[in-house]
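Asker: Sequence below, structure please.
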Amino acid sequence: MTRVRTVLAMRTRQGCEERFEKEWLAAAEEIRTLDGCLHQDLVRDADDPRSYLIISDWADRERLDAFGRGEHRDRLLRVIRELRESAQRNTYQVLHSVRGEAGESR
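Answerer: Numbering: from 1, shown residues only. Below you'll find the predicted structure:
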């Protein structure tokens, strides 16, 4: 089984940034308990505060796909759809990971 990473590039509607971040965090707290969910990040573009990446790592494609068919994803998508201007998702196989010498500081 190969670990997979999804990357969802999303741009929020004007004025929806704070609500989007709050809603994502609430959903992520639930999703983190699901079988196979390894890690989730929400990152914002340093030059465009309405542009985000939602990055999540899953143990394998099968468990990611199970999430994709589940109620947690449906609930998250309902919120995202009303707050977003655009979105594009890609899924990648993680081939190699190399940590910096300092490791994770957060």
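Asker: which outside residues touch the biggest helix by length in the chain?
Answerer: For the chain, the helix reaching the highest residue count under DSSP state H is reported as helix 17-31. Here helix 17-31 makes contact (CB atoms under 8 Å, 6 or more residues apart in numbering) with 12, 37, 40, 42, 44, 49-50, 52, 54, 56, 67, 72, 75-76, 79-80, 83-84. Where you see a C-beta, it was placed from the backbone N, CA and C, and this is true even at glycine.
Asker: Can you report how many residues lie near residue 70?
Answerer: Neighbour count of residue 70, defined by other CB atoms under 10 Å: 12.
Asker: quick one: what helix or strand has the residue lying closest to it once chain neighbours are set aside in it?
Answerer: In space, not counting the residues next to it along the chain, residue 70 is nearest to residue 34; the distance is 7.7 Å by CB to CB, 6 or more residues apart in numbering. Here residue 34 is covered by no helix or strand, with elements defined by DSSP states H and E.
Asker: can I get the CA coordinates of the longest helix of the chain in PDB?
Answerer: Extracted in PDB, the C-alpha atoms of helix 17-31 (Å, rounded to 0.1, in the frame of the first residue of the first chain):
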ATOM      1  CA  GLU A  17     -11.800  33.700   4.700                       C
ATOM      2  CA  GLU A  18     -12.400  33.700   8.500                       C
ATOM      3  CA  ARG A  19     -15.500  31.500   8.300                       C
ATOM      4  CA  PHE A  20     -13.800  29.100   5.900                       C
ATOM      5  CA  GLU A  21     -10.800  28.600   8.200                       C
ATOM      6  CA  LYS A  22     -13.100  28.000  11.200                       C
ATOM      7  CA  GLU A  23     -15.300  25.600   9.300                       C
ATOM      8  CA  TRP A  24     -12.300  23.700   7.900                       C
ATOM      9  CA  LEU A  25     -10.800  23.300  11.400                       C
ATOM     10  CA  ALA A  26     -14.000  21.900  12.800                       C
ATOM     11  CA  ALA A  27     -14.300  19.400  10.000                       C
ATOM     12  CA  ALA A  28     -10.600  18.500  10.200                       C
ATOM     13  CA  GLU A  29     -11.000  17.600  13.900                       C
ATOM     14  CA  GLU A  30     -13.600  15.000  12.900                       C
ATOM     15  CA  ILE A  31     -11.800  13.800   9.900                       C
END
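Asker: Noted, bye for now.
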